[in-house]
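[1] pasting a predicted model and its sequence here:
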Amino acid sequence: MERTIIADIGKNTGKEVLLKGWIYRTRSGKDISFVVMRDYSGIVQCVVKEGVKGFSDAQKALIESSVELKGKVKKDERAPGGYEVQVTDFNVVGFAEDFPIKAQQSPELLLDWRHLWVRSQKLNKIFRIRSTILGAIDEYFRKQGFFEIQSPSITTMACEGGSTLFEMKYFGQKAYLTQSWQLHAEALASSLEKIYCIAPSFRSEKSRTRHHLAEYWHAEAEVAWIDHEGSLKIQEGLVSHVVQTCLKKHKKELQNLGADVKMLEKVKVPFERVPYEKVMELMKKKGVKMKWGDDVTDLQLRSLSEDFKKPYFITDWPKDSKPFYMLENPKSPKTVLNADLIAPGDSGGELIGGSARETDPKKILASLKREGTDPSNYGWYMDVRRFGSVPHAGFGMGVERLTQWICNVDHIRDCIAFPRTISRVYP
């Protein structure tokens with residue numbers, strides 16, 4: 001008999017099915033066992049009565065025992081999901097020991113047992129939605145005519161400042177885990193013009209906020225012959241497409257996770273562009289003092305959520321606070337043509353950082369020296385400018401941050417299977 005997944009139980013009312021999965025909950029009486037079974041698609045209650053083949057095993061099997069069973073599907077509004085399976089054959093594939101995770105465990109203990117906690121219904125839902133997010137990102141870029149490329153994870157250069165680099169030994173040389181594909185992407189953009197990459201990035205930030213990871217998945221794009229506004233349109237189109245795809249495929253799961261579905265339904269282009277100077281004015285009205293060049297903190301971004309009900313761009317940041325590769329704003333030389341895409345709400349924050357790129361090698365050299373960076377490590381990057389440089393722009397989006405916001409997850413560590421943070425590298 002072909003296996004039926006639990007999500008399709010309702011299509012098989014009155015029929016016999018074969019299920020394979022794990023025991024999610026179990027309760028036994030003298031002559032009956034109620035086994036709530038799970039697979040990747042959901043849960044269903046299965047009733048095993050005395051006399052059924054395997055009844056004694058059903059009585060003693062603990063939660064997370066792996067099982068396969070045959071039975072007839074019956075509609076029952078009292079059961080989880082509205083259906084019940086009357087079991088005719090119950091087989092334990094692997095008996096589980098007493099499961100170490102109990103109710104109301106601390107976050108740290110759940111991280112210690114992460115290899116088992118990934119089985120939880122909450123993480124199952126988040127990871128399924130994350131998979132859809134990654135597929136939607138890929139779908140959007142390909143429909144826009146982008147080529148997918150791969151970039152090295154080991155580099156000799158800093159892209160976002162040397163203080164957050166993970167240093168490593170590389171056959172006698174000093175090397176680092178990449179912060180971003182961007183510098184290599186700028187070289188490839190002169191070949192394929194519209195490119196994207198979804199890969200891990202690494203930041204050695206000693207941060208304990210609920211929005212930071214030391215290793216995260218980065219969806220990045222670089223486009224030749226495009227200006228800053230053209231890049232913003234790609235970014236807002238990407239996020240809108242991903243959100244609407246998740247609503248189409250996972251509305252029920254999002255509601256179960258406590259996501260703000262009504263807010264997500266409004267995430268459609270265009271997104272508002274808010275200059276950094278206007279943000280300073282808005283914060284001043286809220287009684288928050290900001291001086292020119294200050295970053296906008298997570299707390300301040302949450303405060304701004306009162307003014308913005310869907311994602312918005314903070315544009316034209318102070319030049320001195322941004323990396324060497326960002327293009328100076330010709331209308332305001334003290335700023336650069338860049339933007340951060342901010343998602344509103346308590347689980348929101350910065351989703352995307354992007355900019356138009358500086359094309360003048362002399363200006364790049366001056367910026368590197370001003371930052372105190374050795375320009376000799378950037379020789380090949382300067383060659384990209386010396387041999388036919390063109391206007392270009394790009395951006396990077398954190399997959400976990402987007403997942404956290406869409407699913408309304410309190411901490412980003414629950415948006416990746418095995419999180420790496422300042423205090424966590426096991427399991």
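    In hand now; what should we look at?
[2] can you give me the helices for the stretch 101-250 of the chain?
    For the stretch 101-250 of the chain, the helices defined by DSSP state H, counting those that start in this stretch cover 107-112, 114-117, 121-143, 182-192, 228-257.
[3] redo those as JSON lines? Include mean neighbour count and mean pLDDT.
    Just so you know, the C-beta spots here come from the backbone N, C-alpha and C atoms, and that holds for glycine as well. Output for these, formatted as JSON lines (neighbours: other CB atoms under 10 Å; pLDDT from 0 to 100):
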{"stretch": "helix 107-112", "mean neighbour count": "14", "mean pLDDT": "96"}
{"stretch": "helix 114-117", "mean neighbour count": "15", "mean pLDDT": "98"}
{"stretch": "helix 121-143", "mean neighbour count": "18", "mean pLDDT": "98"}
{"stretch": "helix 182-192", "mean neighbour count": "19", "mean pLDDT": "97"}
{"stretch": "helix 228-257", "mean neighbour count": "19", "mean pLDDT": "98"}
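[4] which residues of the stretch 251-400 of the chain score low on pLDDT?
    Flagging of the stretch 251-400 of the chain using pLDDT under 70 yields an empty set of residue ranges.
[5] related to what we said a few turns ago, in CSV: the helices of the stretch 101-250 of the chain, plus distance to Ser41.
    Listed next are these as CSV, based on distance: least, CB to CB, whole Å:
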stretch, distance to Ser41
helix 107-112, 23
helix 114-117, 19
helix 121-143, 9
helix 182-192, 37
helix 228-257, 11
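[6] and those helices: which comes nearest Lys268?
    helix 228-257 (5.2 Å; CB to CB).
[7] tell me the buried residues in the next helix or strand after the closest one?
    Using DSSP states H and E, the helix or strand that follows helix 228-257 in sequence is helix 261-265. Residues of helix 261-265 classed as buried: 263-264 (neighbour count, 16 or more other CB atoms under 10 Å).
[8] right, and Gly54 touches Val92 too?
    Yes - with contact defined as CB atoms under 8 Å, Gly54 counts as touching Val92 (7.1 Å).
[9] picking that back up, select, out of the helices of the stretch 101-250 of the chain, the one closest to Val44.
    helix 121-143 (12.9 Å).
[10] keeping just the C-alphas, turn the closest one into PDB.
    Taking C-alpha atoms only, helix 121-143 is exported to PDB below (Å, rounded to 0.1, in the frame of the first residue of the first chain):
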ATOM      1  CA  GLN A 121       5.500  21.500  15.800                       C
ATOM      2  CA  LYS A 122       6.600  25.200  16.100                       C
ATOM      3  CA  LEU A 123      10.000  24.700  14.400                       C
ATOM      4  CA  ASN A 124       8.400  22.300  11.900                       C
ATOM      5  CA  LYS A 125       6.100  25.100  10.800                       C
ATOM      6  CA  ILE A 126       8.900  27.800  10.700                       C
ATOM      7  CA  PHE A 127      11.200  25.600   8.700                       C
ATOM      8  CA  ARG A 128       8.500  24.700   6.100                       C
ATOM      9  CA  ILE A 129       7.800  28.400   5.700                       C
ATOM     10  CA  ARG A 130      11.500  29.100   5.500                       C
ATOM     11  CA  SER A 131      11.800  26.600   2.700                       C
ATOM     12  CA  THR A 132       9.000  28.400   0.800                       C
ATOM     13  CA  ILE A 133      10.800  31.700   1.400                       C
ATOM     14  CA  LEU A 134      14.000  30.400  -0.200                       C
ATOM     15  CA  GLY A 135      12.100  29.000  -3.100                       C
ATOM     16  CA  ALA A 136      10.300  32.300  -3.600                       C
ATOM     17  CA  ILE A 137      13.500  34.200  -3.600                       C
ATOM     18  CA  ASP A 138      14.900  32.000  -6.300                       C
ATOM     19  CA  GLU A 139      11.700  32.200  -8.300                       C
ATOM     20  CA  TYR A 140      11.600  36.000  -8.200                       C
ATOM     21  CA  PHE A 141      15.200  36.400  -9.300                       C
ATOM     22  CA  ARG A 142      14.900  33.900 -12.100                       C
ATOM     23  CA  LYS A 143      11.700  35.500 -13.400                       C
END
